[in-house]
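S.K.: Need a 3D model of the sequence below.
(3 chains)
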Amino acid sequence: MNKTRKPSLRFLIAAGLALLASLSAFAQTASPTAPLPPPPTPKDSEVLQSMGAYFQNTDPSAAFAAYKDKDGNLPKGFTAPTLGVAGPGHNGWMMTSAALVLFMTLPGLALFYGGLVRTKNVLSVMAQCLGIAGLVTILWWAFGYSLVFGKNFGSAFLGGSEFFFLRGVDSAPNADYGAWVSHNVFAMYQLMFAIITPALIVGAIAERMKFSAVLLFVTVWMFVVYFPLAHMVWGVTGLMNGVWNSGAAIKAIDFAGGTVVHMSSGWSALILCLILGPRLGFGKTPMPPHSLVLCMVGTGMLWVGWYGFNAGSAVAADGVAANAFTTTTLATAVASFTWAALEYLLRGKASVLGFCSGAVAGLVVVTPACGFITSSLSVPLGIIAGAVPFFACTKLKPLFGYDDALDTFGVHAIGGTLGALLTGLFARNAANANLATNLKDKVTDAFGQPLVIEQLKAIGLTLALAVVSTVVIAYVVKAVVGLRPTVESEQEGLDLSDHGEEGYIYEAKA
Amino acid sequence: MKLIIAIIKPFKLEEVKEALAAAGIEGMTVTEVKGFGRQKGHTEIYRGSEYTVDFLPKVKVEIAVANDAAGKAVDTIVKAAKTGKIGDGKVFVLPLEEVVRIRTDERGESAV
Amino acid sequence: MKLISAIIKPFKLEEVKAALAEVGVEGMTVTEVKGFGRQKGHTEIYRGSEYTVDFLPKVKIEVAVADGVAGNAINAIVASAKTGKIGDGKIFVVPLEEVVRIRTDERGETAI
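M.R.: Okay, here's the model as predicted:
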């Protein structure tokens, strides 16, 4: 039945939006100007060398090292055609990649999940994906980006405050993350990861969590789990950023988000699904997917969008991106085929849902590895990626009886954990020259290389952070707004009870 | 008058319709229904979750006939709908007290 | 013989099916229908256009039973379909003159 929202809650939401609008005034960039001595003019040969950095995806200012002071800063007013501008090719690829990663959530994941639920709940998972996209974008603009990719806290666990409200995040590159990519493009690209990660959790709690509870849970979860974890793994001062932070306490690697995205969402999803309890009638009434056609359409979009996710994580259109593109393709195709082949061997029929599940599992597992492994190792990785989540979804789930409605745990937690481990075993210097700097002692090109231990540490920390935080957040949300809809609402379906709409209307209403 | 309700296999609908037309019975109401009798359903498996689908798609045909046409109508349906395999369906015959043609307000057998 | 038609809440179908099986009623025909009784519908709003949906989804079950079984079947349906809230549905009982099993041409109670 239709509930009338309390006026006070409505007022709070309106007040919150008004506050956001006024806060944006703080985002104006301050540009101090002071009288300066005339800066030196670079030589043509130095400019040419600087342009070469575009093809190597290296720092263009390195060519002007002769003019830098002892802190590495160029004189005020020093200009060159390569400084303060994005490289068109790299920047173009990153804008395309950002759009591709958004496409994974809207509509890829929304359709994939929407097809797997029952007719009466198809809109609820779509509304959750849309709601998360809006909510996380606001959080990212206000605090999230800065907490992940800022550095003025000087902390291994959280970034800084210098980019709050995206202050100073403009079209000039931020050399910490991409020498040739606009800082604002980089911020939008990373935003898309922040959107899809909590959206993945929706799969485990589908069909039985109130919309308001989902949004409140996600808001807190982003601050407690995602922002710190993303900083630890990808921030230049991050605790687990083995490639770029020479002072990282855990010298782990995660190319596109096996720990940050898939492990964090997958393990949190399991805990939330256990605290929430199973759907009404789970195990007694049939709950088959209402449309495997939508599910297949969503899977295709996820796969295509994932090229932005994986190859885009090179933050350049360079050789590392090209290798990631290749390993992603091979691992995904092999995993999809493996899952369906196992179905055929074990029960005589290869199913569409099997092909789809295998493809997503392959994409998940190759995510942390794609930029660090060779194409030949991506094939065995694909076989393992198809097999292990297959047994998690079809054997482990019935064995323990938890209601992971759409297998977020089976695919993303198991797949993400497996991917982080396989990255430790399979990372090779031949695939990525960046492994030869801070990690030269860890990556020895053998299966038993010391990197495996670092990956296990990262797995343990990610798992602990996700599990403990989710327990606390879930009980807080339960106490504040409650987690589940009423029995009547759940029976009627969340489309009507939470959103007042139906997914399918075949005839005009009188 | 009688109301004859037949639950048949969906692919037999055209044959039943033609056989009834040949027997001079023109009008009918058709509904897609799910049936459940002696015929076994099938199982579907989605990622390890197995569902037994007991209810199989059937078609329900309803016709109203005059008393003396009822026997012929039942025989015609049985003959046209039969495959000899389990799941062929059933025919029910119910007494019908009144029939009205809405357009003309005709009543009784002339409205059938 | 009697034809029992029951209009019930859709999510009660499996329970009713199980309850009927316990009193020996195995076959049934199920139709998705829309119902409208004392239960209030709901309101849907699409970009400001509001629709009141009075007709709510219901399931119609039809079972044919011998006269001696009818009472038990009705009781089984009532017990299993009841939630105590408005909108639980209704049961109608209609006399049935003849039943024919299409596959074998059996007639009467043996065909049920």
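
S.K.: ok, the lowest-mean-pLDDT helix or strand in chain B near chain C or not?
M.R.: Sorting the helices and strands of chain B by mean pLDDT, DSSP states H and E puts strand B:49-53 at the bottom, at a mean of 79. No - shown here: strand B:49-53 not in contact with chain C (C-beta under 8 Å from any C-beta of the partner chain), separated by at least 10.8 Å. Quick note: C-beta positions are derived from backbone N, CA and C, even for glycine.

S.K.: Give me the buried positions along that strand.
M.R.: Using 16 or more other C-beta atoms under 10 Å in any protein chain shown as the test for burial, strand B:49-53 gives B:S49.

S.K.: From the centroid of chain A, which residue is nearest?
M.R.: In chain A, the centroid-proximal residue (C-alpha atoms, centre = their mean) is A:F193; its distance is 3.2 Å.

S.K.: so who does that one touch?
M.R.: A:101, A:230, A:257, A:260-261, A:309 (C-beta atoms under 8 Å, 6 or more residues apart in numbering or on different chains).

S.K.: ok, so of the residues you listed, who is nearest A:V487?
M.R.: For those, the minimum distance to A:V487 (C-beta to C-beta) is 34.1 Å, reached by A:V261.

S.K.: Could you give the number of residues near A:G134?
M.R.: 11 (other C-beta atoms under 10 Å in any protein chain shown).

S.K.: Which elements pack onto the helix or strand in which it is found?
M.R.: A:G134 belongs to helix A:122-139 when assigned by DSSP states H and E. If you count contacts as 3 or more C-beta pairs under 8 Å, 6 or more residues apart in numbering or on different chains; DSSP states H and E, helix A:122-139 packs onto helix A:110-116, helix A:183-205, helix A:211-221.

S.K.: Mind listing what's buried along that helix?
M.R.: Per 16+ other C-beta under 10 Å, helix A:122-139 contains these buried residues: A:122-133, A:135-137, A:139.

S.K.: again, but for stretch A:91-102
M.R.: A:91, A:93-95, A:97-98, A:100-102.

S.K.: need the contact list for the closest residue to A:G415 other than its chain neighbours.
M.R.: Spatial nearest neighbour of A:G415, chain neighbours left out: A:V364 (3.5 Å); criterion: C-beta to C-beta, 6 or more residues apart in numbering or on different chains. When contacts are counted by C-beta under 8 Å, 6+ apart, A:V364 touches A:258, A:262, A:385, A:389, A:411-412, A:415-416, A:419.

S.K.: What is the least confident helix or strand of chain B packed up against?
M.R.: Looks like strand B:49-53 contacts strand B:42-46 (3+ C-beta pairs under 8 Å, 6+ apart).

S.K.: what sits up against the strand it packs on?
M.R.: A:288-289, A:347, A:351, A:353, B:50-53.

S.K.: re the thing from before, which pLDDT value goes with the residue nearest to the centre of chain A?
M.R.: Looking at A:F193, its pLDDT stands at 98.

S.K.: Provide the contact partners of stretch A:57-67 at residue level.
M.R.: Outside stretch A:57-67, the residues that reach it (C-beta under 8 Å, 6+ apart) are A:40, A:42, A:46-47, A:49-54, A:68, A:74-75, A:78, A:80, A:82-83, A:90, A:175, A:179-180, A:316, A:318.

S.K.: Neighbours of A:L215, how many?
M.R.: For A:L215, using other C-beta under 10 Å, the count is 18.

S.K.: close enough to count as contact, it and A:G131?
M.R.: Yes - counting by C-beta atoms under 8 Å, A:L215 touches A:G131, with 5.7 Å between them.

S.K.: so what's the nearest residue to A:T105 once chain neighbours are set aside up against?
M.R.: Closest residue to A:T105 apart from its sequence neighbours, by C-beta to C-beta, 6+ apart: A:I196 at 4.6 Å. Residues in contact with A:I196, defined by C-beta under 8 Å, 6+ apart, are A:101, A:104-105, A:109, A:261, A:309.

S.K.: What distance do you get for the residue of chain B found nearest chain A to A:A436?
M.R.: Residue of chain B nearest chain A, by C-beta to the nearest C-beta: B:G48 (3.1 Å). Using C-beta to C-beta, to the nearest Å, B:G48 is found at 43 Å from A:A436.

S.K.: more crowded one of those two?
M.R.: Counted by other C-beta under 10 Å, B:G48 and A:A436 do not tie: B:G48 has more neighbours, with 19 against 10.
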